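J.: Structure for this input, please:
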Amino acid sequence: MFIFEKLEVYNKAKSFNLSLRKYSKRLSNDPFILDQLNRGSFSILLNISEGSGRITPRYQAHFYTIARGSTLECASILDYLKDADTIEDSFLNSRFKELDEISRMLFAMIRTNRIKHKDGSHKAEWG
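T.: Numbers count the residues shown, from 1 in each chain. Below you'll find the model as predicted:
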């Protein structure tokens with residue numbers, strides 16, 4: 001088992017991505033918007049996993065920051081789809097809750113890694 005598979009935030013992001021991909025197949029919106037949404041949600045997963053493999057807290061925080069940016073990108077696209085009246089409210093509200101939770105978890109991980117980097121109290125973890 002890889003380190004990232006043990007992270008709750010990774011598993012939440014994976015669940016978000018899978019539910020989004022299934023739902024987006026039913027939408028008939030602009031394919032560019034749906035592609036961007038799918039790529040953004042996949043980017044969350046990829047950056048969490050890449051960050052978990054970095055040795056230093058500084059580089060972990062960098063990838064978690066990118067993942068958080070992708071989280072906000074997905075929220076923005078969903079907000080746009082809401083205004084375009086092309087997404088069901090129940091689905092939208094559930095996804096917003098998931099994104100908010102993922103964003104908060106990533107922010108906590110970023111902050112923790114930055115503190116470790118500043119005070120030098122980190123040790124490389126392999127596991």
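
J.: Need phi/psi at residue 2.
T.: The phi and psi values for residue 2, taken as degrees, to the nearest 10, are phi -80, psi 160.

J.: Which residue ranges of this protein form helices?
T.: Assigned helices in the chain, in chain order: 8-24, 31-52, 57-83, 89-119 (criterion: DSSP state H).

J.: In terms of secondary structure, what does the least confident helix or strand in the chain by mean pLDDT contact?
T.: Every helix and strand of the chain was ranked by mean pLDDT, DSSP states H and E. The lowest is helix 89-119, at a mean of 92. Judged by 3 or more CB pairs under 8 Å, 6 or more residues apart in numbering; DSSP states H and E, the packing partners of helix 89-119 are helix 8-24, helix 57-83. In this view, the C-beta of every residue, glycine as well, is placed from N, C-alpha and C.
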